[in-house]
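Trainee: just to be clear, the model below is a prediction. Sequence and coordinates:
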Amino acid sequence: MMTALPYSESPAYADILVDSNENFLPCEGGPFALCFYSGPEGTLPCNTNAWLNDAISECKCIEIPYGVYYVDINAILDVATYQQTVAYCGSSGVNCPNKNQAPVCGIINANKLFPGADMVSAFSFACALENNIGSTSCPEYVYAGCMTAPCYRDGEDSDTVTCLCPNYKGPYQVGQTLDDTSQCVLGRKNVWSAAYKIPSAEVDAADGNGSDVTFPTPDRCIPDDPNPAVACPLLPPPPVPDYPTLTGSELCTKACREYTQCTRDDDVQVGFVCDAALCTSQCDDLGLVGEACAGLNPTTCQLDAILAVEAIAECSCCASQICGCEPNTATNQEISEINQAQIDVGITPQCLINGTLCGDPPPVVP
């Protein structure tokens with residue numbers, strides 16, 4: 001059994017956090033797996049298999065086809081990727097506050113962290129509202145450290161994947177609010193997918209707030225994030241607010257080029273369509289987001305300028321409006337279909353919130 005070591009010597013699979021602001025590196029892309037809610041027997045169990053000598057748990061996790069995700073810099077399981085990321089971002093991650101700045105983001109989006117795996121596990125606020133995200137501190141016991149673990153699809157018709165998460169023995173926090181610590185121990189075959197946030201008193205209050213949560217606590221809004229408590233807002237209805245540093249800028253010209261050059265075989269410009277679905281999506285709407293954003297992986301489509309515009313303007317799914325980028329006819333038709341599909345499942349699309357990305361024809365409200 002893997003056992004606890006001093007924090008400075010703990011292996012990557014312990015999923016240690018010192019500062020929830022700096023240690024979590026924001027990325028955007030997909031697909032990736034969300035194991036934050038995995039553990040108990042049932043829909044998303046983490047099973048410790050005897051044939052693996054209890055070194056690894058097989059955890060059922062949610063597949064997220066595309067979106068914002070976060071990587072704990074201390075929990076990158078590939079040594080070369082960890083070293084490259086630390087060299088660029090600093091040991092805490094402080095130098096990489098913007099999405100896809102960190103080298104690990106590009107490696108995950110290219111699916112090169114674990115060759116042969118379908119994806120890897122990371123943290124996302126997707127499904128946080130539906131799963132009542134929280135934090136419960138548990139005493140020393142075995143838990144599964146799933147951050148950046150390799151994951152494999154369970155089948156074409158399944159929305160779960162199986163991630164091979166290394167086990168670690170030590171104190172930890174569960175990402176849910178448990179009634180009492182007796183629920184920290186799930187039984188002989190199951191363990192929680194968890195992590196350990198070092199209490200602030202032990203690191204001279206490094207995070208500044210004394211929080212022991214094992215999810216990101218960014219000190220600024222994150223564009224396109226699915227959690228309203230963290231996300232930058234959508235733009236208000238027209239007219240578009242004035243952004244003197246962006247309007248007519250070279251950065252906006254580059255952003256429009258990125259929107260128009262990233263196309264599918266049917267001439268649909270994927271960036272526009274993804275924007276129409278992504279920032280109004282819900283946990284039960286992930287298939288629609290997957291369809292809308294298919295082909296937008298940053299390894300095949302440049303997104304640097306689009307992400308930079310959103311970061312400067314501090315708004316979500318908004319670069320095309322700020323920069324005046326116009327979709328083509330095929331794209332507008334696809335946007336219209338996406339909007340109507342969201343309405344049909346009870347989601348209010350961006351078009352009905354701020355009058356943008358309405359497609360052609362605009363959606364019809366039943």
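Mentor: Ah, there it is.
Trainee: and the residue nearest to the spatial centre of the chain, how far is that from V270?
Mentor: Nearest to the mean C-alpha position of the chain, by CA atoms, centre = their mean, lies Y69 at 1.7 Å. In this view, Y69 and V270 are 19 Å apart by CB to CB, to the nearest Å. Backbone N, C-alpha and C define where each C-beta goes, glycine included.
Trainee: so the residue nearest to the centre of the chain sits against A122, correct?
Mentor: Yes: contact criterion CB atoms under 8 Å: Y69 and A122 qualify, at 4.2 Å.
Trainee: what's the overlap in contacts for these two?
Mentor: Residues touching both Y69 and A122 (CB atoms under 8 Å, 6 or more residues apart in numbering): 27, 32.
Trainee: break this protein into its domains for me.
Mentor: Listed domain ranges for the chain are 7-203, 250-354 (source: automatic domain parsing).
Trainee: for the residue nearest to C323 when sequence neighbours are not counted, grab phi and psi.
Mentor: Spatially, and ignoring its direct neighbours in sequence, C323 is nearest to C252 (3.6 Å; CB to CB, 6 or more residues apart in numbering). C252 adopts backbone torsions of phi -70, psi -40, taken as degrees, to the nearest 10.
Trainee: cool, G29 as well?
Mentor: phi 160, psi -150.
Trainee: and it, how many neighbours?
Mentor: G29 has 24 neighbouring residues, counting by other CB atoms under 10 Å.
Trainee: check contacts around it.
Mentor: G29 neighbours (CB under 8 Å, 6+ apart): 66, 69, 100, 105, 108-109, 297-299.
Trainee: now these: which count as buried?
Mentor: For those, a burial check counting by 16 or more other CB atoms under 10 Å picks out 66, 69, 100, 105, 108-109, 297-298.
Trainee: mind listing which of those are in strands?
Mentor: Of the positions in the buried ones among the contacts of G29, Y69 sit in strands, assigned by DSSP state E.
Trainee: list just the nearest of the buried ones among the contacts of G29 to P327.
Mentor: Sorting the buried ones among the contacts of G29 by distance to P327 puts Y66 at the head of the list, at 18.4 Å, by CB to CB.
Trainee: pull the contacting residues for that closest one.
Mentor: Going by CB under 8 Å, 6+ apart, Y66 touches 29-31, 274, 278, 289-290, 293-294, 296-297.
Trainee: contacts for the longest helix that the chain contains, please.
Mentor: Determined from DSSP state H, the single longest helix within the chain is helix 329-344. Helix 329-344 is contacted from outside by 266-269, 272-273, 276-277, 280-281, 285, 288, 292, 327, 348-352, 357-366, using CB under 8 Å, 6+ apart.
Trainee: quick revisit: as TSV, the buried ones among the contacts of G29 with pLDDT would be great.
Mentor: TSV is the format used below for these (pLDDT from 0 to 100):
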residue	pLDDT
Y66	94
Y69	97
N100	95
C105	96
I108	96
N109	94
N297	72
P298	71
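Trainee: reformat the domains of the chain as a markdown table; add distance to D219.
Mentor: Formatted as a markdown table, the domains of the chain follow (distance: least, CB to CB, whole Å):
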| stretch | distance to D219 |
| --- | --- |
| domain 7-203 | 5 |
| domain 250-354 | 13 |
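Trainee: ok, back up a step: which among the contacts of helix 329-344 end up buried?
Mentor: 268-269, 272-273, 276-277, 280-281, 285, 288, 292, 327, 349-352, 357-359, 362-363.
Trainee: those in helices, which ones?
Mentor: Among those, the members that lie in helices (by DSSP H) are 272-273, 276-277, 288, 292, 350-352.
Trainee: which one of those residues is nearest Q84?
Mentor: Nearest to Q84 out of these is A292 (CB to CB; 31.4 Å).
Trainee: quick one: the closest one and T280 touch, right?
Mentor: No: checked against CB under 8 Å, the pair A292 and T280 is beyond contact range at 10.8 Å.
Trainee: ok, which of the domains of the chain comes nearest T214?
Mentor: Closest approach to T214 among the domains of the chain is made by domain 7-203 (4.0 Å; CB to CB).
Trainee: can you give me the angle whichever strand or helix holds A311 makes with helix 270-278?
Mentor: Following DSSP states H and E, one finds A311 within helix 304-313. Angle, helix 304-313 to helix 270-278, by axes from the mean of the first three to the mean of the last three CA atoms, to 10 degrees: 40 degrees.
Trainee: I'd like to know which elements helix 304-313 is packed against.
Mentor: On a contact count with 3 or more CB pairs under 8 Å, 6 or more residues apart in numbering; DSSP states H and E, helix 304-313 meets helix 250-261, helix 319-323.
Trainee: which of those helices sits most buried?
Mentor: Of those, the one with the most neighbours on average (mean count of other CB atoms under 10 Å) is helix 319-323, at a mean of 25.
Trainee: packing partners of that one?
Mentor: Packed next to helix 319-323, using 3+ CB pairs under 8 Å, 6+ apart, are helix 250-261, helix 270-278, helix 304-313.
Trainee: and the ones you listed: which comes nearest V161?
Mentor: Nearest to V161, of all the helices and strands packed on helix 319-323, is helix 270-278, at 20.5 Å by CB to CB.
Trainee: quick one: that closest one to helix 329-344, angle?
Mentor: Using the same axes, to 10 degrees: helix 270-278 against helix 329-344 is 10 degrees.
Trainee: which strands and helices lie in contact with helix 270-278?
Mentor: Against helix 270-278 (3+ CB pairs under 8 Å, 6+ apart) you get helix 250-261, helix 286-293, helix 319-323, helix 329-344, helix 350-354.
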